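Asker: Just a sequence and a predicted model for now, questions to come.
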Amino acid sequence: MTHHFSRAKMSLKATAFFTEISAAVNKDMVKKVKAVFQWNVTQDGATAGTWTVDLKNGDGKVFEGAPKKKANCTLTISDDDLMALAAGDLDPMNAFMGGKLKIGGNIMLAQKLTAIFDAAKPKAKL
């Protein structure tokens, strides 16, 4: 599988996280989740990178940039907070309630994100 991540985003720790997710995405995940997520990762308060996690179509895929069609759920989080979330050091609900994680679109779909984090966790050394 080819990964579509630009060198400019290599300074973001999120790049490694989305690479791990990309390797873990499969048909079973698509069947369970049935949604397209857009992740806006910020650094110093500004969006530094955008990734799409498509768990709605085909075998699923992860790529840098916004989705072709509108995402079902958009998540905005800082690079550091995303890493804490991925490592299990930051609870998603606490992140949301504390304003560290902003969710747009279908907020209920955010509950399905545990499948994504669980898939990336065993291999991720973040």
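Answerer: Structure's in. What do you need?

Asker: Show me the shaky parts of the chain.
Answerer: Across the chain, the stretches falling below the confidence threshold (pLDDT under 70) are 1-10, 120-126.

Asker: quick one, helices of it?
Answerer: Secondary structure of the chain (DSSP state H): helices located at 14-24, 27-33, 79-87, 92-97, 113-120.

Asker: so which of those helices gets nearest L55?
Answerer: Closest approach to L55 among the helices of the chain (Cβ to Cβ): helix 27-33, 3.9 Å. Backbone N, C-alpha and C define where each C-beta goes, glycine included.

Asker: Contact partners for the residue nearest to the spatial centre of the chain?
Answerer: Central residue of the chain (Cα atoms, centre = their mean): W39, 5.2 Å from the mean position. For W39, the contacting residues are A14, F18, T50, W51, T52, V53, T74, L75, T76, I77, L82, by Cβ atoms under 8 Å, 6 or more residues apart in numbering.
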